[in-house]
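**Q** sharing a model that was predicted from the sequence below.
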Amino acid sequence: MLIGEYKSRVGEKKRVSLPKKFRDELGENLILTRGYENALLVVNEKLWKKVATEVIDGSFINKDIRDTSRFLVGGAKEITLDEQGRFVIPQSLSEYATIKEDVVFIGLINWVEIWDKDKWNERLEYLKEHGEEIAEEINKMKRKKDE
């Protein structure tokens, strides 16, 4: 299961090391793409095919589906890990996530997010301040679904 929070430094040429626990769970064929809130997403090929199918199965006439495809699929890159589990974050994705010197890897069951450390700390503060409101909104959505 992909869970936990791991910190890492960004090396020369924007190279980072995917935590071993995540490497073991995800396998070798990985996709890196834009995520929401300026994070990056790492998924394995199996999950990527599922996400891509859901996006592709929608009608290209639908603007939201086109925009989601552009956002997730358009920025995606296949990444290759070296012997130490390192990979290069492409320039376009590094700029999107405003990655500087330190990153945080967050395991979220099915995928891993990569955050610039400062951006992650800002997000954590937001979650601390608004956690109760977020939980209530999720509860409202669940109740609507159950009706």
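**A** Thanks, I have the structure now. Residues are numbered from 1 along each chain as shown.
**Q** show me where the protein has its helices.
**A** In the chain, the helices defined using DSSP state H lie at 20-26, 45-56, 63-68, 91-96, 117-146.
**Q** now the longest one: buried residues?
**A** Right, helix 117-146. By neighbour count, and taking 16 or more other Cβ atoms under 10 Å as the criterion, the buried residues in helix 117-146 are 117, 119-120, 123. Just so you know, the C-beta spots here come from the backbone N, C-alpha and C atoms, and that holds for glycine as well.
**Q** and the helices of the chain as a markdown table, adding distance to Lys13 and mean pLDDT?
**A** Compiled in a markdown table, the helices of the chain are given as follows (distance: least, Cβ to Cβ, whole Å; pLDDT from 0 to 100):
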| stretch | distance to Lys13 | mean pLDDT |
| --- | --- | --- |
| helix 20-26 | 20 | 95 |
| helix 45-56 | 24 | 83 |
| helix 63-68 | 30 | 82 |
| helix 91-96 | 10 | 96 |
| helix 117-146 | 19 | 87 |
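**Q** and of those helices, who's closest to Glu12?
**A** Distances from Glu12 to each of those were compared by Cβ to Cβ, and the smallest falls on helix 91-96, at 13.0 Å.
**Q** circling back: wait, which of the helices of the chain is closest to Ala39?
**A** Taking Cβ to Cβ as the criterion, helix 117-146 is the member of these that comes nearest to Ala39, at 7.5 Å.
**Q** who does the closest one touch, helix- and strand-wise?
**A** Helix 117-146 is packed against strand 102-109, with contacts defined by 3 or more Cβ pairs under 8 Å, 6 or more residues apart in numbering; DSSP states H and E.
**Q** what's the burial count for Thr80?
**A** Counted by other Cβ atoms under 10 Å, the residues lying close to Thr80 total 11.
**Q** how near is the nearest residue to Phe87 once chain neighbours are set aside to Val42?
**A** If the residues on either side of it in the chain are set aside, Phe87 comes closest to Ile79, at 4.4 Å by Cβ to Cβ, 6 or more residues apart in numbering. Using Cβ to Cβ, to the nearest Å, we find Ile79 at a distance of 8 Å from Val42.
**Q** between these two, which one's more packed in?
**A** Set side by side, Ile79 and Val42 show unequal neighbour counts under other Cβ under 10 Å, the larger going to Val42 at 23 against 19.
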